[in-house]
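Visitor: Need a 3D model of the following:
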Amino acid sequence: MQKNIAVFFGGVSGENEISVITGVMVCNVLRRGGYRAVPVYITQSGEYICGEALADIKNYAGGARPEGRAAAFVPGGLALLSRRGKIKERLPLYCAVNCCHGGWGEGGGISGLCRAMSVPLASAGVFESAACLDKRLTKLLLSALGVPALDYEYVTDVAGARKISNFPVVVKPVSLGSSIGVVRADDPDQLAAAVAAALELDSGAIIERYIRDRREYNCAVYASEGEVVVSPCEELCGGDLLTYDDKYSGGGKRIFPADIGRELSDRIRGCARKVYCAFGMRGVVRMDFLAEGNDVYLSEINTVPGSLSQYLVSSDYADFSGVLASLIGRARADFAAERSKLLINTGIINNFASNACKIK
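Guide: I've put the predicted structure just below:
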């Protein structure tokens, strides 16, 4: 019997389209590995849709919404619903993979739902998902770990940016990814406009100094069979700032493996390993670094990286199938270990009179 693996993608996020690409790829790689991939697309309005058409990228062309059945979480799996919202079929899940980029999907929502519904998840957990989506919380945690990160100001209104006097700076929406809303500002007027634009997209913004002669490096980390695997580094090359177009539309350039010295590579990869282990992470996680001369700063932690960083952690899709299988194996083992823990019942309720909690 094939093992049902739910693949969640899409989501209430500006990164919905990129998430579709990741989710469809993962569905097809899982099927190649002998699993029964169950695509679950979350629309930008928050609906859950399940169906075979969702695993074909051409069905999304032109902004189309593929046909599928409404779905909902139930203990141990998914329920497929009738048009009236009644459960027509229950689908038990062996495991799930989170491919939602941004929004509550990447920010702990899918992780929490899987945990609440007793579904093993081969992706990051609730805490690290929520913390790493928020750039401000990420910096606070990195500081506690002694991991270098750029100094910053956090603002929730344009007035909060008026204290900035050293330019240029970079403005980033606090919890968006894919370089959405990231802008360089060279003076107070540009800064005010950039912050105002960021607050149209998000609840707050991070302001960092702009590094002119920077280098940008990424590496990915995952755990397999008790070993933490760290990929070689890649270098990203773009314009003034890496944009959405640079990342996804061929506007930028990637060099993999990066042409850097052993010492710098070891520092970056060692830092990525340290953070992954300190957070007790699962799944493939990509970490983005900025280098300024000999100084290296951890910029962002992506608990659901684009296309799950397939080309960083594997040589081809057949190899990536093995990576996913190892992640599923670890998720199942972690789930079994958690379920084996004792739940305490003390009988304290027996000490209360039957009317003790009534309100007069």
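
Visitor: hmm, who's touching stretch 155-167?
Guide: 153-154, 185-188, 191-192, 195-196, 199, 203-205, 207, 209-210 (CB atoms under 8 Å, 6 or more residues apart in numbering). Heads up, the C-betas are built off the backbone N, CA and C, glycines and all.

Visitor: let's go with 10 Å and repeat that
Guide: Contacting residues not belonging to stretch 155-167 are listed as 153-154, 169, 171, 174, 184-188, 190-196, 198-199, 202-207, 209-210 [CB atoms under 10 Å, 6 or more residues apart in numbering].

Visitor: same deal with stretch 134-147?
Guide: 107, 127-128, 130-132, 148-154, 172-177, 202-206, 208, 271-272, 274-275, 278-279, 287, 296-301.

Visitor: Same question for that stretch: list its buried residues.
Guide: 134-136, 138-139, 141-142, 147 (16 or more other CB atoms under 10 Å).

Visitor: With stretch 57-68 instead?
Guide: Result for stretch 57-68 [16+ other CB under 10 Å]: buried residues 59-60, 66, 68.

Visitor: just stretch 96-105 next, same as before
Guide: Buried, per 16+ other CB under 10 Å, within stretch 96-105: 96-105.

Visitor: Closest one to residue 307 out of those residues, please.
Guide: The closest of these to residue 307 turns out to be residue 99 (CB to CB; 8.8 Å).

Visitor: show me the contacts for that closest one.
Guide: 7-11, 18-27, 39-40, 105-106, 110, 123, 304-308.

Visitor: Show only the entries of the residues you listed found in helices.
Guide: 18-27, 110 (DSSP state H).

Visitor: which SS class is residue 181?
Guide: Classification of residue 181 by DSSP: H, G, I helix; E, B strand; the rest coil places it in coil.

Visitor: Setting aside sequence neighbours, what's the nearest residue to it?
Guide: Computed as CB to CB, 6 or more residues apart in numbering, the closest residue to residue 181 that is not its neighbour in sequence is residue 173, at 4.2 Å.

Visitor: now do residue 24
Guide: Residue 24's closest residue in space is residue 57 (CB to CB, 6+ apart), at 4.9 Å.

Visitor: Tell me how far that neighbour lies from residue 307.
Guide: Distance of residue 57 to residue 307, computed by CB to CB, to the nearest Å: 12 Å.

Visitor: Repeat that for residue 352.
Guide: In terms of CB to CB, residue 352 sits 55 Å off from residue 307.

Visitor: Please say which of these two ends up with more neighbours.
Guide: Neighbour tally, residue 352 and residue 307, criterion other CB atoms under 10 Å: the higher count belongs to residue 307, 18 against 9.
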